[in-house]
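[1] mind folding the following:
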Amino acid sequence: MNINKKLEVLENAYLCRSNDKLEKQVAVALASILSKGESGLKLLLERLFKGLTFSGNSITLYNWGEDAWNELMKKQEIIKALGAAKAKGALDKLEKLLNANCNYGQWRDCIIGPLERAITAIKS
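    Numbering: from 1, shown residues only. Have a look, this model is predicted:
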């Protein structure tokens, strides 16, 4: 299965409810994408930054409406996968996200902790 098909596992996932089986499927799919090297890393970084607009050191999020929480959970899963894989090629981008300001409250709830943990894992 190619990496775009693997990404569909994430794209089709509804992560707002606890579902251990689905979370495992997403984690396995993301790890498989990252196992493809530079092309997999590039795909996941592009997906992570999808819907984010930077202006200086500030981030504005796309208006996902009712799907906003699920979208942030998907981004969280990508960040966790990058940390688990110790993806050094993602370090600069993850640090950029960590150091940026975002006025969307759920950003801090969903993204900052996983970013800090992933960066620590990659640097270790």
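[2] hmm, residue 44 is touching residue 82, no?
    Yes: counting by Cβ atoms under 8 Å, residue 44 does reach residue 82; the two are 6.8 Å apart. In this view, the C-beta of every residue, glycine as well, is placed from N, C-alpha and C.
[3] the two: which has the busier surroundings?
    More neighbours surround residue 82 than the other of residue 44 and residue 82, with 28 against 25 (other Cβ atoms under 10 Å).
[4] tell me where the protein has helices.
    3-11, 20-34, 38-49, 68-84, 91-99, 105-107, 113-123 (DSSP state H).
[5] by mean pLDDT, show me the worst of those helices.
    Sorting the helices of the chain by mean pLDDT places helix 105-107 lowest, at a mean of 87.
[6] what comes up buried for that one?
    residue 107 (16 or more other Cβ atoms under 10 Å).
[7] over to stretch 101-118?
    102, 107, 110, 111, 114, 115, 118.
[8] likewise for stretch 77-95?
    77, 78, 79, 80, 81, 82, 83, 84, 85, 87, 90, 94.
[9] tabulate these (a markdown table), appending distance to residue 35.
    Converted to a markdown table, the buried residues of stretch 77-95 look like this (distance: Cβ to Cβ, whole Å):
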| residue | distance to residue 35 |
| --- | --- |
| 77 | 16 |
| 78 | 15 |
| 79 | 17 |
| 80 | 16 |
| 81 | 11 |
| 82 | 13 |
| 83 | 15 |
| 84 | 12 |
| 85 | 8 |
| 87 | 11 |
| 90 | 14 |
| 94 | 19 |
